[in-house]
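>>> my questions concern the predicted model and sequence given below.
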Amino acid sequence: MSGALGAPERAWLRRLAISLYGAPPDLPVEDFCALLARHGIGGIGLTPPVFAALAPEAIAAMLTRHGLRAASLNSAGYLLHADPAEAAAQAALEARLLATGRLLGAPVNVIPGGLLHTRPGPGGADPAALRAATRRALAGLAARADGAVLALEPMHPMALGLRSVLNQIDAARAALAPLPGFGLTLDLFHSHWDAGLEALLDQAPGLLRVVQICGVDLPADGGPPRRAALDRGQVDVGGFLRALDAAGYGGMLEYEVFWDAMGRPAAEDLVQDAVRGFLSLRG
C-alpha cells in the first residue's frame, strides 16, 4: 500500500507503530516486523515474549533489518507483588527490558501494579497507602534504570485491581516529579476521560515518552470502555492527534489493541485496518 502513497502520507505512516499485542500470538515477531515494513510503518511495540526469546543485540539487529524503531518495551513495574515467584519473574523481565532499553534508547513502559497484587485481607487495602508504596517502589526502579528511559503509564480506574493505583495523569506526574529518567506513557484509551490530559499537553508535553492510540468504544449500557479500531468509537482520536501536534509532540504514535479483544484478526487484516484508520486521521 505504501508505494501508492505520496510523500506526506508515507512520512505520516513512518510515525505509526503497532503493538505486538495486536498480532496472533503464534506469529513470529520477525514475520510481524516484515509485515509492518511492507506497509511502510515505522515502529513496533514489543511485548514480554520477545524479551524471553531474544537477547537485546538480537532485537536490535531484527529492528535494523526491517527499518523499524521500538516505540515501547512492555512492561516493567508490577511492583506490588506479594507472591515471591511472581515478583522474581517480573524482576527477571525487568532486567531484560532495561538492558534492551539502554541498547536501543527506547522507552520502557512502566505499569506499577494493582491493589490485588498485594493480596489484601478481609478488611481490604488502603489505596492511599498503596499509592505511597508505589511511589517508593518507583524510586527503586529509577535507581536500577542506569540510563534506561522509563515511561510511567497512568491507567483507567477500571485497572485499579491488576494494573495501577495511579490512575490520574496528575497523580502520575506527581509520582515521577522527583525521579530521574522518568517520563510518561500517555495511552488515549486509559486517559481519554482525564481532565489532566489537557493540562499535561499545555504544561509539560516534554514528559511524553510513549503515546498510544486506538479508538475508544463506550458501550451504551454504561459498561467499561473497549479498545476499537482507529476510525471507530466515540472518542475523537483525530482531535487528540491535533492537540499533540499543537503541543509540539513529534514522536511515534503506537496503535495498541489486543488480538483477542479485537476478534482475533489475521495479522494482515489488523495492519491494513490500522493503516487505513491512521491515514484517515492525518490532519
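Okay, I see it. This structure is a prediction, so every number in the text was calculated from the model and none was measured.
>>> can you dump the C-alpha coordinates of the helix or strand hosting residue 91 into PDB?
In this structure, residue 91 sits in helix 84-104 according to DSSP states H and E. What follows is helix 84-104, C-alpha atoms only, in PDB (Å, rounded to 0.1, in the frame of the first residue of the first chain):
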ATOM      1  CA  PRO A  84       7.700 -14.200  45.700                       C
ATOM      2  CA  ALA A  85       7.600 -16.300  42.500                       C
ATOM      3  CA  GLU A  86       5.600 -13.600  40.600                       C
ATOM      4  CA  ALA A  87       8.000 -10.900  41.900                       C
ATOM      5  CA  ALA A  88      11.000 -12.900  40.800                       C
ATOM      6  CA  ALA A  89       9.600 -13.400  37.300                       C
ATOM      7  CA  GLN A  90       8.900  -9.700  37.000                       C
ATOM      8  CA  ALA A  91      12.400  -8.900  38.200                       C
ATOM      9  CA  ALA A  92      13.900 -11.100  35.500                       C
ATOM     10  CA  LEU A  93      11.700  -9.400  32.800                       C
ATOM     11  CA  GLU A  94      12.700  -6.000  34.200                       C
ATOM     12  CA  ALA A  95      16.400  -6.800  33.800                       C
ATOM     13  CA  ARG A  96      15.900  -7.800  30.100                       C
ATOM     14  CA  LEU A  97      13.700  -4.700  29.500                       C
ATOM     15  CA  LEU A  98      16.200  -2.300  31.000                       C
ATOM     16  CA  ALA A  99      19.100  -3.900  29.100                       C
ATOM     17  CA  THR A 100      17.200  -3.700  25.800                       C
ATOM     18  CA  GLY A 101      16.100  -0.100  26.500                       C
ATOM     19  CA  ARG A 102      19.700   1.000  27.200                       C
ATOM     20  CA  LEU A 103      20.900  -0.600  23.900                       C
ATOM     21  CA  LEU A 104      18.100   0.800  21.700                       C
END
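>>> which elements pack onto it?
helix 48-53, helix 56-66, strand 69-77, strand 108-111, helix 127-145 (3 or more C-beta pairs under 8 Å, 6 or more residues apart in numbering; DSSP states H and E). (Each C-beta comes from the backbone N, C-alpha and C, glycine too.)
>>> among those, which is the most enclosed?
Greatest average neighbour count among the helices and strands packed on helix 84-104 goes to strand 108-111 (a mean of 27), per mean count of other C-beta atoms under 10 Å.
>>> so how far is that one from its chain's centroid?
Put simply, strand 108-111 sits 7 Å off its chain's centre (C-alpha atoms, centre = their mean, to the nearest Å).
>>> that strand pairs with which strands, and in what direction?
strand 69-77 (parallel), strand 150-152 (parallel) (DSSP bridges).
>>> give me the low-pLDDT residue ranges for the stretch 101-250 of the chain?
For the stretch 101-250 of the chain, no stretch is flagged by pLDDT under 70.
>>> and residue 169, what does it touch?
Under the criterion of C-beta atoms under 8 Å, 6 or more residues apart in numbering, the neighbours of residue 169 are 154, 184, 186, 191, 194, 196, 197, 199, 200.
>>> go again with 6 Å.
The neighbours of residue 169, taking C-beta atoms under 6 Å, 6 or more residues apart in numbering as the test, are 154, 191, 194, 196, 197, 200.
>>> and the nearest residue to residue 127 once chain neighbours are set aside, how far is that from residue 152?
Nearest in space to residue 127, with sequence neighbours left out and distances taken as C-beta to C-beta, 6 or more residues apart in numbering, is residue 165 at 5.7 Å. Using C-beta to C-beta, to the nearest Å, residue 165 is found at 12 Å from residue 152.
>>> nearest residue to residue 167 in space, ignoring adjacent ones along the chain?
Closest residue to residue 167 apart from its sequence neighbours, by C-beta to C-beta, 6+ apart: residue 157 at 4.7 Å.
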